[in-house]
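Chemist: model this:
(3 chains)
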Amino acid sequence: MTATTTLLLKYFLSYACLLVVGFLTTRHIQFILALALIYSLVVIGLVILIGYAGLVSFGQGAFYAIGGYSVGLMIKYFGIQNAEILLILGILTSTVMSLVIGLACTRTRRIAFAMITLAFGMIIYTILLKFYRFTGGTDGLRIPLLKFGGVFPVRGYSLSLFNLTNEYFIIITVFIFILFLSERFIHSPISYTLRAIKDAEVKAVSLGISPAKAYLIAFIYAGFLAGLAGTLYAFLNAHIDPNMTYWTTSAEFVFITILGGGSGIPGAIFASILFLFLKTYLLAYTAYYWQFAIGIIFLLIILLAPSGLTGIIDKITRSLKKALTKS
Amino acid sequence: MLDSTPVTMLAMNTLIYTVILALISVGLNMILGILRILNVAHGVFMAVGAYLSITLVRFFLSSRLPVATTYLALILAGLIAGVLIGFIIEPAILRRIYSRIEVHQLLVTFALMLIIEDLIKFIWGPQSQIVTEPYLYLGVLNIGGLSYPLYYLFLMAVGYLILLLTYLILNHTKLGKIFLATAYDREISVALGIDVKKVYTYAFTLGATLTTLGGALMSPTLSLQPGFSTDYIVLAFAVVVVGGLGDVKGAFIASLLMAFARALIVIVIPELELATVFIIMLFTILLRPEGILKGRKT
Amino acid sequence: MSLLELIDINVYISNLHILRGISYNIEAGEIVGLVGHNGAGKTSTLKTIIGLLPLRSGKIIYDGEDISTLPVKKRVEKNIGYSPEDRRLIYDLTVKENILLPCWVSSSLKKSTIEKNLETVYKIFPEIKEFSDRKAKYLSGGQQKMVSIARALITMPKLLLLDEPCEGLAPMLIKRLFKSFKEIKELGITMIIAESNPSYLKHIANKIVYIERGRVKEVVQIA
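Modeler: Numbering: from 1, shown residues only, chains lettered A, B, ... in the order given. Sure thing, here's the model as predicted:
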């Protein structure tokens, strides 16, 4: 089997798994899983920014919100109802904005980078909040039911034969595609450049590598992913609000990234799924104190298992391997 | 005839907002400068101070003590909250993360924020709380057509006094100089016999107490809701960045700058009020990243 | 009984074996030179003695007591003074404050003793007395080195560790410093002086320990 075939097989199997899971579960669970996959898009972007470029962004919520609000505002002011156009517009707006914002942000490093991304995230928050006549303020915007190609609604049960909800199907399809795209990114020259820079920026510059350009590309890719996630969120949730870019949301994304180990895509996906299911069930169990539970869990994980889920998974697979090879 | 009301309003708002911001950010900067940790939970410390002050004031009032004593209650609550937080959290949690990478430290203090926020909900309940007696008791002063609640004078007097005391401690006492040495060069401080562990605890407690006092002083002026502190912590971050990371004097000056900018913009373009702070933060990072006073530690 | 015994010291920094089985003794009242190239292990040896670097194996016996696992603060209390490489002053504090810093954290020194010690220190380094109220950042490199040594001296330690005190100084200044080392010895203070250049040390040291790549190459007795 060639390398390409194994790769395609991997994606095919993953897609098949997701379809099967959808087939076997309720509408509610599919919703949570879809939301988890949306989150994982943002987190994959952060894995590249943090794990490969060493830049911790506390402002991905900005692009998340830009993606969502592009949809909302286009519907409100231009009456567009085609899901495919809105998807493209959402992606386009957030990608362009990440270029603009990235030009400023990628001039900084470490804490300054974290702070400047925080600043941008909050500036967008205040704009969305204060210009409420346009943006709906704290109430946000309602997103009506949109259709792909005029026939396939973004939410619904058109595929009831397979027990799959429309939203779930759409999101897992986009997700698999992004997975493929991101793996290509990670194995592209850009990613090697990033790693070289992360280890020794001065040395990389002396070798003729331009750190600023590499950082900007990574930043734009992460912004693109967050914007896509925000657009899909608007489709899925039927409602968007400025909280998408409040600093705690951005911090949550970083949290999930580190929970997943910070440097690998599988970790990012598992962490997102774990986090969202945890949050949903904790919220249902205790409406007031779920933050306490999540806080304790995260505290314990960071204190005791700092390499996150990836570390735990690694440890488990290693001890499994040991046990299997012994016998 | 000069209508001085906008000017006096501007001045008053600036002075009030400065002292509040300064109480939070000076504490945050102390912890950043000496312990090298950006304490995301600093805002929720302020909330603890605020909530505890409500409890203490209510206790004083229900014990038939005169309203005048509630001012003491506010200050006491701030002090108790700060000392408790400092002596519990630093050894229990912070000590374990000094050697960790910055992201982990940030996330630990973020988790701490989540935990304490819900603890507040658990102890004091999720509904909004207010205790108005200290605020109303002092009445209002009418100047130039506007009425100024005199409570704000108390708030400013105590607040600025606390800041002055902190400045004196940090710059003119042996303890302050030991703090400075530890912040500057941890290794050599250890080699000279400084008990760096104790220094960290004291510095953290002092930083936390400034914030809890700020919260306590503020509580009679607002209706407290759990979660209100998330707005303040991010403002404190902005102040700290503009004033220079770790630079205590810078934090005060940046507080003044931000307070003035905000008070000004509110008159001219009210929608940009909150955004101003972050825009200033943004430009500082781009043009003068060490902070406006060229902060010495990063 | 020797004042300081290093027995088979092994020290690692980030899994790099920096000190490999170092052993030698220091007698009370001696000046011992520790000579070697950059990276040979001079700084690491002194840091290990004061406690900034932990031992992987081996023993340190000071004044008859095994201090191998004693924390730094306790070792400082046993009156070991340390002047690090590259001065490491607190540049925003005044000269006097820098010098007195170890006294502020020492619980055992009386105010009168501190004043007496300060006078002694100023006698040895009169050049810095006039700067005593100036911030340390305004002094020249050589003066800052004197402040660093004065700081290590202020508690009148039994054992004084000097890491490259003459690095980067003009020959005249080095001669001046070595004169003060003689004065310090006359106070009864034992000294270990780490240097890359042994030529000046040979005039005042009782013995010189040559160290290379973390090992003791040879010990030359002079006086």
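Chemist: burial check on B:R186, number of neighbours?
Modeler: For B:R186, the neighbour count with other C-beta atoms under 10 Å in any protein chain shown is 18. All C-beta atoms are positioned from the backbone trio N, CA, C, and that covers glycine.
Chemist: ok, longest helix in chain C?
Modeler: helix C:171-186 (DSSP state H).
Chemist: does chain B sit close to the helix or strand following that helix?
Modeler: Once the chain leaves helix C:171-186, the next helix or strand it forms, by DSSP states H and E, is strand C:190-195. No. Using C-beta under 8 Å from any C-beta of the partner chain, strand C:190-195 never reaches chain B; the gap is at least 14.4 Å.
Chemist: adjacent strands (with direction) for strand C:190-195?
Modeler: strand C:31-35 (parallel), strand C:159-163 (parallel) (DSSP bridges).
Chemist: then it to PDB, C-alphas only?
Modeler: Output of strand C:190-195 as PDB, limited to C-alpha atoms (Å, rounded to 0.1, in the frame of the first residue of the first chain):
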ATOM      1  CA  THR C 190      39.200  31.700  54.400                       C
ATOM      2  CA  MET C 191      38.800  32.300  50.600                       C
ATOM      3  CA  ILE C 192      38.300  30.400  47.500                       C
ATOM      4  CA  ILE C 193      39.100  32.500  44.400                       C
ATOM      5  CA  ALA C 194      38.100  31.200  41.000                       C
ATOM      6  CA  GLU C 195      40.100  32.700  38.100                       C
END
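Chemist: that older thread, mean confidence for the longest helix of chain C?
Modeler: For helix C:171-186, mean pLDDT is 89.
Chemist: picking up where we left off before, can you add mean pLDDT and mean neighbour count and give the strands paired with strand C:190-195 back as TSV?
Modeler: Putting the strands paired with strand C:190-195 into TSV (pLDDT from 0 to 100; neighbours: other C-beta atoms under 10 Å in any protein chain shown) gives the following:
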stretch	mean pLDDT	mean neighbour count
strand C:31-35	92	24
strand C:159-163	94	24
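Chemist: next, the one residue in chain C that gets nearest to chain B: secondary structure please.
Modeler: With C-beta to the nearest C-beta, the shortest gap between chain C and chain B falls at C:V76, namely 3.6 Å. Secondary structure state of C:V76, per DSSP: H, G, I helix; E, B strand; the rest coil, is helix.
Chemist: just checking, it touches C:P102?
Modeler: Yes. Between C:V76 and C:P102 there is a contact under C-beta atoms under 8 Å: 7.4 Å.
Chemist: what do those two both touch?
Modeler: Counting by C-beta atoms under 8 Å, 6 or more residues apart in numbering or on different chains, the residues touching both C:V76 and C:P102 are B:192-193.
Chemist: picking up where we left off before, what's the closest non-adjacent residue to the residue of chain C closest to chain B?
Modeler: B:G193 (3.6 Å; C-beta to C-beta, 6 or more residues apart in numbering or on different chains).
Chemist: phi, psi of that neighbour?
Modeler: phi 100, psi 10 (degrees, to the nearest 10).
Chemist: C:S132 too?
Modeler: Torsion angles, degrees, to the nearest 10, at C:S132: phi -60, psi -30.
Chemist: what is C:E5 paired to in the beta sheet?
Modeler: The partner residues for C:E5, given DSSP bridges, come to C:N25, C:I61.
Chemist: so what pLDDT did it get?
Modeler: 91.
Chemist: just give me the neighbour total for it.
Modeler: C:E5, neighbours per other C-beta under 10 Å, totals 17.
Chemist: residues touching it, list them.
Modeler: C:25-26, C:59-62.
Chemist: show me what from chain C comes close to chain B.
Modeler: So far as C-beta under 8 Å from any C-beta goes, chain C lies against chain B at C:50, C:52, C:72-73, C:76-77, C:82, C:84, C:88, C:90-93, C:97, C:101-102, C:104-106, C:151.
Chemist: now, which of those lie within helices?
Modeler: C:50, C:72-73, C:76-77, C:97, C:101-102, C:104-105, C:151.
Chemist: who wins for proximity to A:S57 among the strands paired with strand C:190-195?
Modeler: Closest of those to A:S57 is strand C:159-163, at 42.1 Å (criterion: C-beta to C-beta).
Chemist: touching that closest one from outside, list them.
Modeler: Under C-beta under 8 Å, 6+ apart, the answer for strand C:159-163 is C:3-4, C:26, C:42-43, C:46, C:49-50, C:62, C:79-85, C:149, C:152-153, C:181, C:184, C:189-194.
Chemist: and if we set it to 6 Å?
Modeler: For strand C:159-163, contacts defined as C-beta atoms under 6 Å, 6 or more residues apart in numbering or on different chains pick out C:43, C:46, C:80-85, C:152, C:189-194.
Chemist: cool, stretch C:184-203 as well?
Modeler: C:3, C:28-35, C:42, C:46, C:159-164, C:174, C:178, C:208.
Chemist: what comes up buried for that stretch?
Modeler: Burial within stretch C:184-203, assessed by neighbour count using 16 or more other C-beta atoms under 10 Å in any protein chain shown, is assigned to C:184-185, C:189-195, C:200-201.
Chemist: now do stretch B:230-241
Modeler: Buried, per 16+ other C-beta under 10 Å, within stretch B:230-241: B:230, B:232-241.
Chemist: make TSV out of the residues you listed and add pLDDT.
Modeler: Formatted as TSV, the buried residues of stretch B:230-241 follow (pLDDT from 0 to 100):
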residue	pLDDT
B:T230	90
B:Y232	92
B:I233	93
B:V234	93
B:L235	93
B:A236	94
B:F237	93
B:A238	93
B:V239	94
B:V240	92
B:V241	92
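Chemist: tabulate these (a markdown table), appending secondary structure.
Modeler: Below are the buried residues of stretch B:230-241 laid out as a markdown table (three-state DSSP):
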| residue | secondary structure |
| --- | --- |
| B:T230 | helix |
| B:Y232 | helix |
| B:I233 | helix |
| B:V234 | helix |
| B:L235 | helix |
| B:A236 | helix |
| B:F237 | helix |
| B:A238 | helix |
| B:V239 | helix |
| B:V240 | helix |
| B:V241 | helix |
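Chemist: may I see these organised as TSV, with distance to B:L222 added?
Modeler: Converted to TSV, these look like this (distance: C-beta to C-beta, whole Å):
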residue	distance to B:L222
B:T230	14
B:Y232	11
B:I233	16
B:V234	17
B:L235	15
B:A236	17
B:F237	21
B:A238	20
B:V239	19
B:V240	23
B:V241	25
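Chemist: just the closest of these to B:A92, please.
Modeler: Looking across those and measuring by C-beta to C-beta, the closest to B:A92 is B:I233, at 20.6 Å.
Chemist: in contact with the closest one, which residues are there?
Modeler: B:42-43 are the contacts of B:I233 under C-beta under 6 Å, 6+ apart.
Chemist: repeat the analysis, applying 7 Å as the threshold.
Modeler: Going by C-beta atoms under 7 Å, 6 or more residues apart in numbering or on different chains, B:I233 touches B:40, B:42-43.
Chemist: same question for B:L112.
Modeler: Neighbours of B:L112 in contact, by C-beta under 7 Å, 6+ apart: B:41, B:93.
Chemist: okay, and the nearest residue in space to A:L259 that is not next to it in sequence sits in which element?
Modeler: Distances taken as C-beta to C-beta, 6+ apart put A:A271 closest to A:L259, at 4.3 Å, once the chain neighbours are dropped. Here A:A271, judged by DSSP H and E, is contained in helix A:265-285.
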